[in-house]
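Engineer: sequence and predicted structure below; questions after.
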Amino acid sequence: MQKFAIDPLLRRFNEVKSQEGRIRTKPFLDVCKHLLPLIDNFGSSMSCIKSDVACNIRKLESKYFSNTSAYSDLYSMTHEEIKAKIARNASSCTTALVWLTRAMDFVVQLFRNLLEHPDWSMPKACTDSYKTTLKKWHGWLGISTFNVIMKIAPDKEKFMGSVIGQGNLTSEIEKFCLAFTPLLEENHKFLVSVGVDDIRAL
């Protein structure tokens with residue numbers, strides 16, 4: 001497993017909010033992108049999830065880079081797509097933001113489970129995280145796929161051993177969860193406010 005340094009990620013959170021208190025597109029996506037190597041450490045079983053996360057990041061980044069000033073605010077793309085009545089399209093940036101936020105919910109919940117339930121196996125920690133974040137939005141195919149993935153989840157000790165910090169690792173993981181959770185909650189509140197929070201998979 002490749003080593004995943006959590007300290008650089010913690011520093012990135014300082015850049016996510018603008019002076020006006022809005023979530024900035026590029027810094028938020030950079031945080032999500034920084035987590036991709038961590039998903040790699042789940043092994044080939046999680047390749048489909050990593051691919052989905054990476055695809056959603058690329059979609060949002062591509063739109064952002066098409067006009068960095070117009071799309072500097074993370075929610076600007078959704079506002080534009082709602083006006084154009086395309087926000088619910090499968091290929092929209094809004095749909096990408098919905099699923100990216102849910103995937104990040106899963107990562108945060110998994111870390112919480114690993115810290116709060118040291119006696120849990122990795123499959124149990126992952127399954128619980130899935131139930132509380134992604135499961136209700138998946139159809140039978142997604143649920144069935146995830147159940148298969150969990151049967152070949154990596155060894156917990158090896159996975160946690162791949163995460164390195166500058167000091168107390170438990171404390172740094174807790175800081176990560178505390179820093180990321182409000183941003184994800186803000187995304188959810190926004191998506192609810194514009195009526196696209198209920199987008200589901202087939």
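Structural biologist: Thanks, I have the structure now.

Engineer: can you give me the pLDDT of the residue nearest the centre of the chain?
Structural biologist: Central residue of the chain (CA atoms, centre = their mean): Met104, 1.8 Å from the mean position. pLDDT for Met104: 95.

Engineer: just the element for it, please.
Structural biologist: helix 93-116 (DSSP states H and E).

Engineer: buried residues in that helix, which are they?
Structural biologist: For helix 93-116, the neighbour count (16 or more other CB atoms under 10 Å) marks 93-114 as buried. Glycine gets a C-beta too; all of them are placed from N, C-alpha and C.

Engineer: who are the packing partners of it?
Structural biologist: In terms of contacts (3 or more CB pairs under 8 Å, 6 or more residues apart in numbering; DSSP states H and E), helix 93-116 is packed against helix 47-66, helix 76-83, helix 122-133, helix 169-193.

Engineer: now with 10 Å?
Structural biologist: With contacts taken as 3 or more CB pairs under 10 Å, 6 or more residues apart in numbering; DSSP states H and E, helix 93-116 sits against helix 25-34, helix 36-40, helix 47-66, helix 76-83, helix 122-133, helix 156-161, helix 169-193.

Engineer: can you redo these as TSV with mean neighbour count, distance to Leu141 and mean pLDDT?
Structural biologist: Formatted as TSV, the helices and strands packed on helix 93-116 follow (neighbours: other CB atoms under 10 Å; distance: least, CB to CB, whole Å; pLDDT from 0 to 100):
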stretch	mean neighbour count	distance to Leu141	mean pLDDT
helix 25-34	19	24	96
helix 36-40	17	20	82
helix 47-66	16	11	91
helix 76-83	18	26	98
helix 122-133	19	14	90
helix 156-161	15	26	82
helix 169-193	16	23	95
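
Engineer: turn the ones you listed into TSV, columns for distance to Phe4.
Structural biologist: Converted to TSV, the helices and strands packed on helix 93-116 look like this (distance: least, CB to CB, whole Å):
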stretch	distance to Phe4
helix 25-34	9
helix 36-40	5
helix 47-66	13
helix 76-83	29
helix 122-133	15
helix 156-161	10
helix 169-193	11
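
Engineer: do you know which of those helices lies nearest Gln19?
Structural biologist: Smallest distance to Gln19 across the helices and strands packed on helix 93-116 (CB to CB): 12.9 Å, for helix 25-34.
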